[in-house]
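The following comprises the amino acid sequence and a computationally predicted model.
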Amino acid sequence: MNEKELPEQLRDDNLSEETKTLISSLPSTKDFIGKLYNYQGCWYYPNTLQGVLNFQKGFKPQETDIIIASYPKSGTTWLKALTVALLERLKDISSSDALHPLQSDNPHGIVPFLEFGLYLKSSTPDLTKFSSPRLFSTHMPLHTLQIPFEDSPCKIVYVCRDVKDVLVSQWYFRCAYLQKELDKRLLESLFESLCNGVGYFGPFWEHVLSYWRGSLEYPKHVLFMRYEEMKSDPAVQVKRLAEFLGCPFTEEEEEEESGSVDKILELCSLRSLSSMEINKTGSKYDVHHSNYFRKGEVGDSKNHLTHEMENKINMIIEEKYKGSGFKY
Ligand SMILES: Nc1ncnc2c1ncn2[C@@H]1O[C@H](COP(=O)(O)OS(=O)(=O)O)[C@@H](OP(=O)(O)O)[C@H]1O
C-alpha cells in the first residue's frame, strides 16, 4: 500500500526533529504496514508515537475526566457508546427534540482518542469544546498515561477481550481498511506479531496486566471490564459501569416498565448502532464508520484460527499471566 494512503496515525510524516532523534535510538521492527518503535515498553507506528509524546507533554487530567481504555478491537466502540448513553440519561432532554448524540456522531467522534486524535499533531490541542465530564479514550497501556491517581480522581474504564477474538477482529478490520480481500497470510502475520509481543500497542499481555494491576491498586480510579461478561450479562455490567462512573441507576429507573437499563442496552447494541444513518456513512481516523461494527460474537476465532494457533496463544497466556492473579 502507498504510504500516503495509510491512515495518518500509522504514517511517519508528522515527526518533530526531537522525535526523529528519539526514534533513531529506539528498538524497532517492521510489519506489513510499516515500522514500529518500542517506547516505554509499547510498540507504536511513528505518527502515533508523536501523538503519545505530545499527550505526555501536554495533557493535564481534570478531576471529572473519564478515559475509556482498551487494546484495539476489544470492545472500545461499544464501551464508548454505553458510557455516552449512561451520562446522557442524566441530562434533561424532555424539552428538546434534538437527536441523541449517538445518532449524530459515531462513538469515536464523540469520545476521541488522545494519542491519535486530539494530540496527534500538537501538545496543546483545543479542548474547550469538552464540557465536564470530559470523555476521552486511549489504546495506550496504563503506565504510559502517567496519571497521578493520588492527586486526581479521574476515572479510567478498561475493556479486555479474549485475545484470540481480538486477533480475528484485527484481521478483518485491517483487510477492510487496506482494502484487501481476506488474506490468510495477513492473519498469520498478525498472529506471529501477537505471539512475539510486537503488535501495535502491544505486547497484548503487558497491556492487559497494566490495567489489571491498576484496577487492583486504584479500584476507585480504574474499572476492569470484560467483553465476554458484557455479552453474557449486559445488565449487570452496565449497572457496574454506572456505579463506577458515579451515576448509578435509581430505584425509579429500575422500576420503570421498559427500564432505563434495557433502553441503554438496546440503543448501544451492535444492531442498533450499525443501522444508524451516521454509522452507515462518514469515517473517523480514515476508517469508514461501518468498519467499527462486524459480528460482535464471543468465540468467532474458532472459525478462523487453527488448533495449533489456539494452543500456542493459550500457552503464552498461561505463562504471561502466571502469578498475576489474572485469569481469562
Ligand atoms: N455495540 C456493540 N456490541 C458488541 N460488539 C460490538 C459493538 N460495536 C462493535 N462491536 C465489536 O467490537 C469489535 C471492534 O472492537 P473495537 O470497538 O475495540 O475496535 S476499535 O479498536 O475501536 O477500532 C468488533 O468485533 P468483531 O465483530 O469480532 O470484529 C465489533 O463488531
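Sure thing, it's come through. Numbering: from 1, shown residues only.

Need the pLDDT of Ser95.
What the model reports as pLDDT for Ser95 is 53.

actually Ala176, not the one I wrote
So Ala176 comes in at 85 (pLDDT).

does it sit in a helix or strand, and which one?
If you go by DSSP states H and E, Ala176 is part of helix 163-177.

Please point out which parts of that helix sit buried.
163-177 (16 or more other CB atoms under 10 Å). Where you see a C-beta, it was placed from the backbone N, CA and C, and this is true even at glycine.

show me the residues around the closest residue to Thr19 other than its chain neighbours that make contact.
Nearest non-adjacent residue to Thr19, counting by CB to CB, 6 or more residues apart in numbering: Gln50, 5.2 Å away. With contact taken as CB atoms under 8 Å, 6 or more residues apart in numbering, Gln50 is in contact with Asn14, Leu15, Ser16, Thr19, Leu120, Lys121.

ok, now Cys154?
For Cys154, the contact set (CB under 8 Å, 6+ apart) comprises Pro61, Gln62, Glu63, Thr64, Asp65, Ile66, Ile67, Ile147, His221.

Kindly recompute the last result at 10 Å.
By CB atoms under 10 Å, 6 or more residues apart in numbering, the contact set of Cys154 is 61-67, 133-134, 136, 145, 147-148, 221.

Spatially nearest residue to Asp262, not counting backbone neighbours?
Excluding the flanking residues, the one nearest Asp262 by CB to CB, 6+ apart is Ala235, at 7.5 Å.

one step back: report the next helix or strand after the helix holding Ala176 in sequence order.
Following helix 163-177 toward the C-terminus (DSSP H and E): helix 184-196.

Buried ones in that following helix, by neighbour count?
Result for helix 184-196 [16+ other CB under 10 Å]: buried residues Leu186, Leu187, Ser189, Leu190, Phe191, Ser193, Leu194, Cys195.

Just put the residues you listed in JSON lines and tack on pLDDT and distance to Phe244.
Formatted as JSON lines, the buried residues of helix 184-196 follow (pLDDT from 0 to 100; distance: CB to CB, whole Å):
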{"residue": "Leu186", "pLDDT": "92", "distance to Phe244": "37"}
{"residue": "Leu187", "pLDDT": "96", "distance to Phe244": "35"}
{"residue": "Ser189", "pLDDT": "94", "distance to Phe244": "37"}
{"residue": "Leu190", "pLDDT": "96", "distance to Phe244": "32"}
{"residue": "Phe191", "pLDDT": "97", "distance to Phe244": "34"}
{"residue": "Ser193", "pLDDT": "96", "distance to Phe244": "33"}
{"residue": "Leu194", "pLDDT": "97", "distance to Phe244": "29"}
{"residue": "Cys195", "pLDDT": "97", "distance to Phe244": "33"}
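
if we can go back for a sec, within reach of the ligand, which of the buried residues of helix 163-177 are there?
Filtering those for proximity to the ligand (criterion: CB under 6 Å from any ligand atom) leaves Asp165, Ser169, Tyr172.

Contact residues of the protein facing the ligand?
Counting by CB under 6 Å from any ligand atom, the chain sits next to the ligand at 70, 72-78, 81, 165, 169, 172, 268-270, 273, 292-296, 300.

Tell me which entries of those lie within strands.
Ser70 (DSSP state E).

Pretty sure the residue nearest to Asp262 sits against Glu229.
No: look at Ala235 against Glu229 with CB atoms under 10 Å: they stay out of range, at 11.2 Å.

rewinding a little: distance check, the residue nearest to Thr19 against His207.
To His207, Gln50 is 20 Å away according to CB to CB, to the nearest Å.
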